[in-house]
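Visitor: pasting the structure only:
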């Protein structure tokens with residue numbers, strides 16, 4: 001536990017850079033001092049490309065921040081080497097906006113800021129974004145990924 005906390009503290013920093021690409025609804029690449037840095041949005045999980053609302057979530061993120069300079073309050077690196085953090089543009093918490101507008105779920109496994117749950121409840125209540133979809137199409141991305149990993153393994157894909 002102490003080792004994990006030390007790694008977490010060591011990885012915390014603030015990055016400022018221009019958004020040069022949007023991979024999906026919760027992953028961007030920013031240019032920091034001529035170096036491209038991949039950033040995964042902390043505490044949220046947007047639908048995957050193959051899921052309902054996945055393309056819409058990505059498009060929303062493009063419209064919000066593509067080509068703009070953002071500040072990222074990073075927490076740590078994930079297992080894929082991405083910086084994980086909160087993205088701020090023009091004083092706005094983009095992670096929170098994506099949840100409140102229904103473009104992402106709160107990622108409960110990594111949740112630290114429980115007020116994000118209020119934003120998700122708001123989005124559900126007004127049927128914003130993905131919450132406007134039929135219930136059968138509202139599968140959290142972590143469940144969708146797990147189901148597709150099992151399916152891919154059965155089909156010989158890893």
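Guide: Looks like it came in fine. Predicted model, so just to flag it, every value in this text is computed and none were measured.

Visitor: for stretch 74-87, how far is the first residue from the last?
Guide: 8 Å (CA to CA, to the nearest Å).

Visitor: what comes up buried for that stretch?
Guide: Residues of stretch 74-87 classed as buried by neighbour count (16 or more other CB atoms under 10 Å): 74, 75, 76, 82, 83, 84, 85, 86, 87. Where you see a C-beta, it was placed from the backbone N, CA and C, and this is true even at glycine.

Visitor: what sits against residue 23?
Guide: The contact partners of residue 23, by CB atoms under 8 Å, 6 or more residues apart in numbering, come to 29, 38, 58.

Visitor: swap that for residue 124, sorry
Guide: 102, 131.

Visitor: pLDDT value on it, please?
Guide: If you check residue 124, the pLDDT there is 98.

Visitor: how much space between the spatially most central residue of the chain and residue 141?
Guide: Centroid-nearest residue in the chain: residue 26, 2.9 Å away (criterion: CA atoms, centre = their mean). Applying CB to CB, to the nearest Å, the value for residue 26 to residue 141 is 9 Å.

Visitor: what touches both of those two?
Guide: The contact lists of residue 26 and residue 141 share 45, 46, where a contact means CB under 8 Å, 6+ apart.

Visitor: top of the contacts of residue 23 by number of neighbours, please.
Guide: Within those, neighbour counts (other CB atoms under 10 Å) peak at residue 58, which reaches 21 neighbours.

Visitor: that residue touches residue 24, doesn't it?
Guide: Yes - when contacts are counted by CB atoms under 8 Å, residue 58 is listed as touching residue 24 (5.1 Å).

Visitor: what sits against the residue nearest to residue 123 when sequence neighbours are not counted?
Guide: Spatially, and ignoring its direct neighbours in sequence, residue 123 is nearest to residue 102 (4.0 Å; CB to CB, 6 or more residues apart in numbering). Going by CB under 8 Å, 6+ apart, residue 102 touches 123, 124, 127, 128, 129, 130, 131, 132.
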